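Asker: Here is my input; please provide its structure:
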Amino acid sequence: MSGKIVFRCSQCQEVHQGLPAIVFDAPTYNYGLAEGERAARTRRTHDLCVIDDEHYFVRAVSTVSILGEAECLEWGVWGSLSEANFERYRSSMHEDDQSKLGPLFSWFASTLPTYPTTAGLRCNLVPQDGNCRPLVEFHPDDPHPLVLDTKSGISLQRAIAFAMPALHKH
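Answerer: Coordinates of the predicted model:
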C-alpha cells in the first residue's frame, strides 16, 4: 500500500495530494422541504439537525477503502436517530469517551452520487472517543452497491471521480 494519494487533476491539470472528504451540509430530508420553510422547521449545527421537532439527525463519517492505498475515501454524511438516542448522543458530545454509548441504530440520511438511493439504508452510528464524529456501519447483509463498496473497496480512479466535485467546489 502506498502513502498519501497524489494525482494530476483532469480538470485543472494541477497535482493534488490526498482526497478531500465529500461532505453534505444537511440530511437529505432537509432538502425535501420547501426552501422558504427550512429555517422555520429546522434547527441545525455542524453536527446535529432536528426537523419539525420529530426527526433527529447526527453528522457521521462513512469510509470506503481504496484498493491498494492506505488512504480511504471519506464521506461526511448524516444518520437519523430515535429521539432517545439523539438525546443520549447530544448530551455526551463533549465527553472524550463517547464510545461508551455503543452502536446506535440509524437510517442513513444522505444521498450519495452515482449510487441507487442511499437515503434509508439500515446502519449503525458508532460513537468514537476523542470528540470524533461517529462512524457509519451498514447492515452487513444489505446487497446495496454502497454497502458492497464499503466492504470490498473501490478503485483509485473511482475514488478520484467521487472527489472531483469536492476539489472544484466554488
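Asker: distance of the nearest residue to Glu54 once chain neighbours are set aside from Val50?
Answerer: Ranked by Cβ to Cβ, 6 or more residues apart in numbering and with sequence neighbours excluded, the top spatial neighbour of Glu54 is Glu83, at 7.7 Å. In short, each C-beta sits where N, CA and C put it, glycine included. Distance from Glu83 to Val50, counting by Cβ to Cβ, to the nearest Å: 9 Å.
Asker: Show me which of those two is the more surrounded one.
Answerer: Legend: neighbour count by other Cβ atoms under 10 Å for Glu83 and Val50, higher for Val50 (17 against 12).
Asker: what about the closest residue to that one other than its chain neighbours, neighbour count?
Answerer: Leaving aside its sequence neighbours, Val50 sits nearest to Arg43 (Cβ to Cβ, 6+ apart; 4.8 Å). Neighbour count of Arg43, defined by other Cβ under 10 Å: 11.
Asker: hang on, the residue nearest to Glu54 packs against Asp53?
Answerer: No: at 9.1 Å, Glu83 does not count as touching Asp53 under the criterion of Cβ atoms under 8 Å.
Asker: Isn't Val136 up against Arg59?
Answerer: No: with contacts counted by Cβ under 8 Å, Val136 stays clear of Arg59, the gap being 10.5 Å.
Asker: list residues touching both of these two?
Answerer: Shared contacts of Val136 and Arg59 (Cβ atoms under 8 Å, 6 or more residues apart in numbering): Val77.
Asker: Next up, the contacts around Ser155.
Answerer: Contacts of Ser155 (Cβ under 8 Å, 6+ apart): Ile66, Leu67.
Asker: Would you point out which residue is most central in the chain?
Answerer: Centroid check for the chain by Cα atoms, centre = their mean gives Val77 as the closest residue, at 2.3 Å.
Asker: Surely it and Thr111 touch.
Answerer: No: shown here, Val77 and Thr111 do not form a contact pair, counting by Cβ under 8 Å, at 9.4 Å.
Asker: the helices in this structure, which residues?
Answerer: 28-31, 35-41, 83-91, 145-152, 156-167 (DSSP state H).
Asker: Quick check: which of these is nearest to Leu101?
Answerer: helix 83-91 (6.0 Å; Cβ to Cβ).
Asker: For that closest one, which outside residues touch it?
Answerer: Taking Cβ under 8 Å, 6+ apart as the rule, helix 83-91 contacts 48, 50, 54, 56-58, 81, 98, 101, 104-105, 125, 127, 134.
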